[in-house]
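**Student:** A predicted structure for the sequence below; I have some questions about it.
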Amino acid sequence: MHQVIVVGAGPAGAAVAARLVQQGVRDILVLDRYGFPREKPCGGGLTGHADEALAALDLVLDVPHVPAPEAQVRFGAFTRTVRMGRPVNVIRREEFDASLVAQVRGKGVEIVEGEGVEGLEVGADRVTVTTSRGRRLDAQVVVGADGAASVVRKHLTGNAKALPHRLFKAELTVPAGAWPGDVMLYDFTPMLRGVRGYLWVFPVKDGRVNVGIMHYPAFRVGGPALIDVLTQGLAEVGISLPAKSAHGWPVWGYQPGGPVSAPRLLTVGDAAGIDALTGEGIAVAMEQAVIAGDTIARGLATGDLGFARYRRELRRAVVGRELALDRWLARLLYQSGEGWRPWMSLVLFDPDVLELYAARVSGSEILADQKPRLFRALARHLARYPSRRRQLREAAQPLLQVPVSSASSS
């Protein structure tokens, strides 16, 4: 019987294994249904506190990456460039994930590729997992780091039905000079077309860009409609999206009160929930993994594997406080109907809010510790909203004068 089986070898699973090694746990088995390197839909920005998390886990960024020191925020005719508190490194997930797997293997962890987990049974003294190869393996603890479709997550939630975030991504080669080599674009123009989220363009090595769109689940939007909006939005910034080049995936937003553990079971990363405001998952996964690894090591040492405090420990940590605040902000900014407009005008036209957003993305500030600044910005907004509402209408006007595709339900 293993001490720990980690389901999934992406950043969440690799990071948990790395933390367990730091804490002296040696009998660790990591299972992943895919082989590395493997394609992984993702924006590829190491945003938030990714640098600190890598350092805390004794892991390094050793793959090609593009440092992006600036972000461009767009909404219709409005554009503003903000300086990041520190550059955001943009990587290709195929390379980054494979590097983490290699680094964790180098620490002595057994990682089995091409073998996923199909089911699990929790007993009084062990968890038994059934793999895609028909093996039955026992462990004292099982960690669900297996993404949005996590077997462990389904066990904890009872496979409860809810609308997920929807994301679509493509990596494209663009002509020389067609896109600045170190600028990230966050384009909220899709809000005018029935999407609740944003379009991104991130620079990648070798003259490529990572493009995509995120939709918050305020209501259901079909994949073809999201691709239409992505195609149209990219065309407006001079980028052509080839047919069938964008790949989509669902993800779950973090819920502070949601189940993330049970006796002998923990979840991290996408299985525990991403950042609802930005769709960030990489840094979140690694920050959660530090807490999960410490919790598991402590439980193995004391014999207390109920993990009753894990949800509270996640919530009280920096990552949990940031995720909880971003969940609240996402519900305001991405709401259905027309209620999003006052909040969008606050984000766009208050320079301090844009600076805070940039600092949050770059990880140079902890947004959850900046609530006084947020409240001061809100007070300013109440006084200035009539003029900002007019600015928002003027920014949207050029797009409202031409036909646009609408994001329809499906």
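**Tutor:** Perfect, I can see it now. Numbers count the residues shown, from 1 in each chain.
**Student:** C-alpha from now on. contacts and neighbour counts both.
**Tutor:** Will do.
**Student:** Would you state the helices of the protein in chain order?
**Tutor:** For the chain, applying DSSP state H gives helices covering 11-22, 50-56, 93-106, 151-157, 223-236, 282-302, 310-316, 318-333, 340-349, 351-362, 371-400.
**Student:** Out of those, which is closest to residue 34?
**Tutor:** Closest approach to residue 34 among the helices of the chain (C-alpha to C-alpha): helix 93-106, 11.2 Å.
**Student:** Just the C-alpha atoms of that closest one, please, in PDB.
**Tutor:** Presented in PDB, the C-alpha positions along helix 93-106 are these (Å, rounded to 0.1, in the frame of the first residue of the first chain):
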ATOM      1  CA  ARG A  93       1.900  24.300 -21.300                       C
ATOM      2  CA  GLU A  94       3.200  21.300 -23.200                       C
ATOM      3  CA  GLU A  95       6.800  22.200 -22.400                       C
ATOM      4  CA  PHE A  96       6.100  23.600 -18.900                       C
ATOM      5  CA  ASP A  97       4.200  20.500 -17.700                       C
ATOM      6  CA  ALA A  98       6.700  18.100 -19.100                       C
ATOM      7  CA  SER A  99       9.500  20.000 -17.400                       C
ATOM      8  CA  LEU A 100       7.700  19.800 -14.000                       C
ATOM      9  CA  VAL A 101       7.200  16.000 -14.500                       C
ATOM     10  CA  ALA A 102      11.000  15.600 -15.200                       C
ATOM     11  CA  GLN A 103      11.900  17.700 -12.200                       C
ATOM     12  CA  VAL A 104       9.700  15.700  -9.800                       C
ATOM     13  CA  ARG A 105      11.000  12.400 -11.200                       C
ATOM     14  CA  GLY A 106      14.400  13.700 -10.500                       C
END
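**Student:** If you count neighbours, what's buried in that helix?
**Tutor:** 93-101, 103-105 (16 or more other C-alpha atoms under 10 Å).
**Student:** Show me what it is packed up against.
**Tutor:** helix 11-22 (3 or more C-alpha pairs under 8 Å, 6 or more residues apart in numbering; DSSP states H and E).
**Student:** Could you pull up the mean pLDDT of the helix it packs on?
**Tutor:** Here helix 11-22 scores 98 as its mean pLDDT.
**Student:** That one versus helix 93-106: what angle between them?
**Tutor:** Counting by axes from the mean of the first three to the mean of the last three C-alpha atoms, to 10 degrees, helix 11-22 lies at 20 degrees to helix 93-106.
**Student:** Tell me what angle helix 11-22 forms with helix 282-302.
**Tutor:** 40 degrees.
**Student:** Just the residues contacting helix 11-22, thanks.
**Tutor:** Here helix 11-22 makes contact (C-alpha atoms under 8 Å, 6 or more residues apart in numbering) with 6-8, 26, 28, 30, 57-59, 97, 100-101, 104, 107, 109, 143-146, 268-269, 282, 285-286, 288-290, 292-294, 296-297.
**Student:** and if we set it to 6 Å?
**Tutor:** 57, 104, 145, 269, 285-286, 289-290, 293 (C-alpha atoms under 6 Å, 6 or more residues apart in numbering).
**Student:** try stretch 271-290
**Tutor:** Contact with stretch 271-290 is made by 12, 15-16, 19, 49-50, 53, 147-148, 150, 153, 252-254, 260, 268-269, 323, 326-327, 330, as judged by C-alpha under 6 Å, 6+ apart.
**Student:** which residue ranges form the strands in the stretch 151-300 of the chain?
**Tutor:** When secondary structure is read from DSSP state E, counting those that start in this stretch, the stretch 151-300 of the chain shows strands at 165-173, 183-187, 197-204, 208-215, 247-251, 261-262, 265-267.
**Student:** Make CSV out of these and add distance to residue 357, mean pLDDT and mean neighbour count.
**Tutor:** Output for the strands of the stretch 151-300 of the chain, formatted as CSV (distance: least, C-alpha to C-alpha, whole Å; pLDDT from 0 to 100; neighbours: other C-alpha atoms under 10 Å):
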stretch, distance to residue 357, mean pLDDT, mean neighbour count
strand 165-173, 20, 95, 22
strand 183-187, 11, 96, 22
strand 197-204, 14, 96, 26
strand 208-215, 17, 96, 25
strand 247-251, 22, 91, 18
strand 261-262, 31, 97, 22
strand 265-267, 28, 98, 28
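**Student:** And those: which comes nearest residue 138?
**Tutor:** Nearest of the strands of the stretch 151-300 of the chain (C-alpha to C-alpha): strand 265-267, 12.7 Å.
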